[in-house]
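Chemist: Quick one: sequence plus predicted model below, questions after.
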Amino acid sequence: MKALWKILPVLLGAGIALPVHSAAPDTNASPARWSIPFVPTGHDAVRDMLWMGEVGTNDVVYDLGSGDGRVVIAAVRDFHARRAVGIEIDSKLVRESREAAEKAGVADRVEFIEGDLFTKDFGAATVLTLYLGQQPNIELRSKIFRTLKPGARVVSHAYGMGEWLPDRKYEVRRQILGMYSEMYNHFGTNIDVPDYDGFAYRRNTDTLAAWVVPAPVAGVWRGKIRTGNGDEELRLTLHQRLSLVTGGFEFVWPTNVSGTVETELLGDRLRIECRATNRYYSQFRMWFDGRATDDTLQGKVWISDTNSTREFAWTATRDKADLTGTWEWTGPWDKPVQLHVERRDGRLAATYFDPTRERPTYAGRNKPIPIEDFYDFGGGIYFTLLLGREATGGQAYYTVARIQHHTTSRRLGPEDGWVIGEAIGASAGLTGTIAFYPYPKSMFMEIGAPATPRTNEPASRSGREDWSPKRRSQ
């Protein structure tokens, strides 16, 4: 497997790796996004990763950046996986991997694909293993959600997935070998953004983490419960940010009861505790335990009051939600900004547009910015966008006062930073939260003439706030 040497400009203090445009071996492939040097994973760490992925006889394991093939071979030889596949761009390592598989006697159950791991299909995986780097992990994240089925496991060595927090984390023996570099990352402690680094102390420990791909459960769910008072409707309103699910409930039993929910989502398994805000704790408690399949929730509900606890079977269906359209709201500088959501090739995609935003001319000044990190969660959406990385051709841009510099890192300016949005479809349109986390003004230097007022002024609002954008008429 591979590890990423983070090459970071000290002046910028940005946690971004160096994109290198080397030609991929297959003629139809686009240039590789990252140059990720090969650093072998220790055999003990290989075993730990496959153990954390709960690899068994029914699993198909994909190792992205498979190096000399040790993870792929160990998956079928030691953990008896049904099949294992490695994707590796280095043709020499691919040949070595195939020879090693022959020697290990597992060549009939493994495959090594030569090519760019960002463009190859790994949708058949039930377990996905990585040793790449946090930025490549984030680049892969939306594809993982789009292509892997709920319940698939993802295991990463040494690097996290930003604000997608792991379901399991395992710190093992002190790391001795490897290639990494630590630089200042302004957003590294912000648990709300993809720059969040929960693996920040790689020099002291070797950390492994596992995630379970969650089912899309955002939206409004309705179902009847047959109580002694007849068929009573239970409604759940669920907002989803990756594996984090929040929201509320409403239930008539025998009078209106409503409140908030505490949830646990692991694959398609959803557990909910409903906490009433208009009843005392002893007067009403309710739990749900079941599974989400497409637009159906099915499981059991337990309702507890001062006298007893009763159990009911419950099936709910999700309200249809039209999430497409051009949505407009007031941005951080009190000017209108827009999110355009459309369906492309059977899935939702989005672009962001701020008509007053200063952008490099070569990146397409005042043009919509494609949102690559975008998620369709059934009845709702989630997206992250780093303003300042909207350059083309694999290059980014940054501005220091009025002096612009081409660089292989991100642009840093007062109008640059993370935009994080989440919403569900409701009768009035979209409703959820939006956040903007800008770089602090203290990070910028004044060189020469003062910057323009827009470039030099901080955002009027930052952090997370309620969000109800309006759909523009077509």
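Modeler: Perfect, thanks for sending it. Residues are numbered from 1 along each chain as shown.
Chemist: Where does pLDDT dip in the stretch 151-300 of the chain?
Modeler: Residue ranges of the stretch 151-300 of the chain with pLDDT under 70: 173-183, 200-204, 253-255.
Chemist: Can you show me the strands along it?
Modeler: For the stretch 151-300 of the chain, applying DSSP state E, counting those that start in this stretch gives strands covering 153-157, 168-172, 206-212, 219-227, 230-241, 244-252, 256-266, 269-276, 285-293, 296-304.
Chemist: Let me have the ones you listed in a markdown table, adding mean neighbour count and distance to G432 as columns.
Modeler: The C-beta positions use only the backbone N, C-alpha and C, and glycine is treated the same way. What follows is those, written out as a markdown table (neighbours: other C-beta atoms under 10 Å; distance: least, C-beta to C-beta, whole Å):
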| stretch | mean neighbour count | distance to G432 |
| --- | --- | --- |
| strand 153-157 | 26 | 25 |
| strand 168-172 | 14 | 28 |
| strand 206-212 | 22 | 23 |
| strand 219-227 | 19 | 11 |
| strand 230-241 | 19 | 6 |
| strand 244-252 | 18 | 10 |
| strand 256-266 | 16 | 15 |
| strand 269-276 | 19 | 19 |
| strand 285-293 | 18 | 19 |
| strand 296-304 | 17 | 20 |
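Chemist: want to throw the ones you listed into CSV with distance to A84?
Modeler: Output for the strands of the stretch 151-300 of the chain, formatted as CSV (distance: least, C-beta to C-beta, whole Å):
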stretch, distance to A84
strand 153-157, 13
strand 168-172, 21
strand 206-212, 17
strand 219-227, 36
strand 230-241, 31
strand 244-252, 31
strand 256-266, 24
strand 269-276, 26
strand 285-293, 28
strand 296-304, 33
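Chemist: I'd like to know which of those strands is closest to D322.
Modeler: strand 219-227 (11.7 Å; C-beta to C-beta).
Chemist: so what strands line up beside the closest one?
Modeler: strand 230-241 (antiparallel), strand 309-318 (antiparallel) (DSSP bridges).
Chemist: As CSV, these with distance to A75 would be great.
Modeler: Formatted as CSV, the strands paired with strand 219-227 follow (distance: least, C-beta to C-beta, whole Å):
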stretch, distance to A75
strand 230-241, 31
strand 309-318, 36
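Chemist: Quick one, which of the ones you listed gets closest to R347.
Modeler: Closest to R347 of these, according to C-beta to C-beta: strand 230-241, at 16.1 Å.
Chemist: ok, C274 to L265 distance?
Modeler: Separation of C274 from L265 (C-beta to C-beta, to the nearest Å) stands at 15 Å.
Chemist: typo on my end, G123
Modeler: Using C-beta to C-beta, G123 is found at 21 Å from L265.
Chemist: ditto for S460
Modeler: 35 Å.
Chemist: Kindly report the same for D416.
Modeler: 32 Å.
Chemist: Also R285?
Modeler: Separation of R285 from L265 (C-beta to C-beta) stands at 20 Å.
Chemist: now do G425
Modeler: Counting by C-beta to C-beta, the gap from G425 to L265 is 19 Å.
Chemist: residue ranges of the helices in the stretch 51-200 of the chain, please?
Modeler: Using DSSP state H, counting those that start in this stretch, the helices of the stretch 51-200 of the chain run over 70-77, 91-104, 134-147.
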